[in-house]
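Q: One predicted model, sequence on top.
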Amino acid sequence: MIPSLEQIVERFSQLVTPIPVASRSPLPVAAGSVPPVTVLTSTATTFAHPGPVQTVDYSLKGYHLDVSILPSQVVLAAEILNQAGFALDTITGVDWIAQDQMEVVYDYFHPLCAWRVVVRARLHRDNPELPTIWPVFSGANWHERETHDFFGIRFSGHPDLTPLLLPEDADYHPLRKDFIA
């Protein structure tokens, strides 16, 4: 039986911890740009999140569900989606240089229901590392290698992070915003 989108939202709502009101603070946003986000403060890190679990209008965004999680939760999120019948579409990175953060974005789709889910995890730029989801979705192998090549994000537990598209001796990551050719 295929779970409903509401059941998937409920599973993710159990995974992510609501942001306490006391630790919410808006980040400055220029007029006409992205909507304000909240800041999740934990004992070790601070990350910007647009709310942990949001249903989204597909006609506006191209996906149905947007989930922001901590890096340590990416494998659990992948397992939730795998159990619900989702497949991995892509993994990519985003360099938020002004916030001194990197973001890993996982795009999933359900082949029977045409649902799309985006899972995001923010990392500090100085140590961008999170667990691999390769044991859950074997197709993540190539995507994680590419993200490592271009952004320098490490996926702990990955079987082979040797360069995939860059030269083998490359010691640079060309999609980081501070990259100079």
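A: Everything's here; your move. Residues are numbered from 1 along each chain as shown.

Q: Quick one: the helices in this protein, in order.
A: Here the chain has its helices, by DSSP state H, at 5-15, 58-61, 74-83, 140-151.

Q: nearest to residue 52, of these?
A: helix 5-15 (7.6 Å; Cβ to Cβ). Glycine gets a C-beta too; all of them are placed from N, C-alpha and C.

Q: ok, and for that closest one, which residues are buried?
A: Of all the residues in helix 5-15, those buried under the rule 16 or more other Cβ atoms under 10 Å are 5, 8, 9, 11, 12, 15.

Q: how about those in a markdown table, adding distance to residue 135?
A: Below are the buried residues of helix 5-15 laid out as a markdown table (distance: Cβ to Cβ, whole Å):
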| residue | distance to residue 135 |
| --- | --- |
| 5 | 26 |
| 8 | 21 |
| 9 | 25 |
| 11 | 19 |
| 12 | 20 |
| 15 | 18 |
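
Q: Read off the pLDDT value for the residue nearest to the spatial centre of the chain.
A: By Cα atoms, centre = their mean, the chain has its centre lying nearest to residue 120, at 2.4 Å. Per-residue pLDDT puts residue 120 at 96.

Q: partners of it in the sheet?
A: residue 68, residue 105 (DSSP bridges).

Q: Test my guess that it contacts residue 102.
A: No - judged on Cβ atoms under 8 Å, residue 120 makes no contact with residue 102 at a distance of 11.0 Å.
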